[in-house]
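*Asks:* sequence first, predicted coordinates after that:
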Amino acid sequence: MLRSVRLAAMIALIDLAAPTAGVSADDVLPERLVGHGGPVKAVTLSDDGKRALTASFDYSVILWDMSGEEGRVVARLDGHEAAVNDVAFVPGTDKAVSVSDDGAFAIWDLKGGRLEKLVRDTGDKVLDVAVSLDGRFAAAARWDGTARVFDIAAGRETARADDHRGNVNAVGFSLDGRELFTASYDGMIRQWPLDGGAISGPPRVLYAHGWGVNVIAPLPGGSLLAFGTLDGVTGVVDLQTQETVRLFESDKPVLSIAVSPRAGWFAAGSADGHIRVFDIDSGALVEDHSDFYGPVWSLSFTPDGRRLYRAGLDDFAIGWQVEPRRQVEPVQSVYPRRFQARDIEDPGESEFLRKCSVCHTLTPAGGHRAGPTLYGLFGRVAGTVEGYSYSKALEDSAIVWTPQTVSQLFDEGPDIVTPGTKMPVQRLKSVERRDALIDYLVRATEPDASAPPPGTRSN
């Protein structure tokens, strides 16, 4: 009771009676957003709930029409050269921004379905992106110990916050856009004053935690910031007094936070599949939903707060009806996933599933994953599968894939054999395991004689 009283005193009340345009509780919404070829790293709904964006390990962003039971792919946005970790709509515009393991910050034209600008920097992972409510600026959390602020219209960096002593995991803007919040592996949440997109003074340590802080989110009213930590704490900190209240503690990292001003809730997702919904006004735990099938990397509420979309190891985002709570929640995840397969007798197939299946298929059509289909791999010239967006390094490569060159790829690593490519480093130093994988690939990728494989040389 004391915790609820303390928290209520800290939080400004919000008007829950105001009308909300867009998607309502009676609208039919997709149970799943199916279209990626790899685990979905982020999901976010537009302010009216009519559109959504998802970002994936398959290097792409998808723009969704949320009407109907299926959800419709409006545009697939390609341009990153590694897993896309986060994506956000830009308020008041037809633009979006995203960040990736490739170290780049992307600006997308959603109306045209195209990449407008890719701001490249160091190769350090960029994990989180936030946009100011006026749509002017974006901030990106980088694993080089910095957070960068960008002028979206100009497509350029305007400020760099570099006072952390570890990876910056999360960023956020105050509701008035005059402050930037950063959270780091060093356990610190810092508050930076902003003026026109520039840092206008030294930072303040808003909160110091013994473990890394993974996620942050400003709450309605503008006086509180929610946070989640590596050691499983979900809490809030008062921006004026720096008073902190721990709402929930577990032994699993908190990986995601979403806020619903309309419902007066915020939700936190954890590494063990739990989604906990808290009442902002009282601090009480409203719901505790368990997925059981892996981490919750991202969360996003519908405008009315009654439904929540989540992203994790599945190749699709999943909707959960928060209110009214269903007595039996249908299982949407598929387990085990292809890269989690168990009890595989063929050691080569086991290596393929663990090492390769996240990025590659074995079918002629190929599907949309981080890498091209391996169908007809042997004898194929590198960089020649039609319809796949290769790096220039592979487009210009003269490598022909043979058992020897593929084995070399797993022995030395793609960073050595094919430098400058998008291929993640996957090495197999065990000769026995590597030979078993090659033997399996020779069998599994052999093309149908009636259909020539993609990329083969003609004599």
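*Replies:* It's in.
*Asks:* next one: the closest residue to Ser250 other than its chain neighbours, what pLDDT does it get?
*Replies:* Leaving out its chain neighbours, the residue that sits closest to Ser250 by CB to CB, 6 or more residues apart in numbering is Gly232, at 4.0 Å. For every residue, glycine as well, the C-beta is placed using N, CA and C. With respect to pLDDT, Gly232 has a value of 98.
*Asks:* so Gly232 sits against Lys252, correct?
*Replies:* Yes. Between Gly232 and Lys252 there is a contact at 5.1 Å, judged by CB atoms under 8 Å.
*Asks:* joint contacts of those two?
*Replies:* Counting by CB atoms under 8 Å, 6 or more residues apart in numbering, the residues touching both Gly232 and Lys252 are Ser270.
*Asks:* neighbour count winner among these two?
*Replies:* Gly232 (19 against 14; other CB atoms under 10 Å).
*Asks:* can you give me the helices for the stretch 351-459 of the chain?
*Replies:* 392-395, 403-412, 414-417, 431-444 (DSSP state H, counting those that start in this stretch).
*Asks:* in TSV, list these along with mean pLDDT and distance to Pro347.
*Replies:* Formatted as TSV, the helices of the stretch 351-459 of the chain follow (pLDDT from 0 to 100; distance: least, CB to CB, whole Å):
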stretch	mean pLDDT	distance to Pro347
helix 392-395	86	28
helix 403-412	92	14
helix 414-417	84	22
helix 431-444	94	4
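*Asks:* need those helices in TSV with mean neighbour count, can you?
*Replies:* Shown next, in TSV, are those (neighbours: other CB atoms under 10 Å):
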stretch	mean neighbour count
helix 392-395	14
helix 403-412	16
helix 414-417	16
helix 431-444	16
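*Asks:* can you pull the contacts of Gly79?
*Replies:* Applying CB under 8 Å, 6+ apart to Gly79 gives the contacts 106, 108, 115, 118.
*Asks:* can you rerun that using 10 Å?
*Replies:* Counting by CB atoms under 10 Å, 6 or more residues apart in numbering, Gly79 touches 59-61, 98, 100, 102, 104, 106-108, 114-118, 389.
*Asks:* can you check Glu329 too?
*Replies:* Contacts of Glu329 (CB under 10 Å, 6+ apart): 289-291, 320-321.
*Asks:* between those residues, which is nearest Thr363?
*Replies:* Closest approach between these and Thr363, by CB to CB: Asp291, at 28.6 Å.
*Asks:* not counting its neighbours along the chain, what's nearest that closest one?
*Replies:* Nearest one to Asp291, counting by CB to CB, 6+ apart, is Gly273 at 3.6 Å.
*Asks:* Gly319: neighbour count?
*Replies:* 20.
*Asks:* wait, Thr363 touches Ser357, no?
*Replies:* No. Using CB atoms under 10 Å, Thr363 is not in contact with Ser357, being 11.8 Å away.
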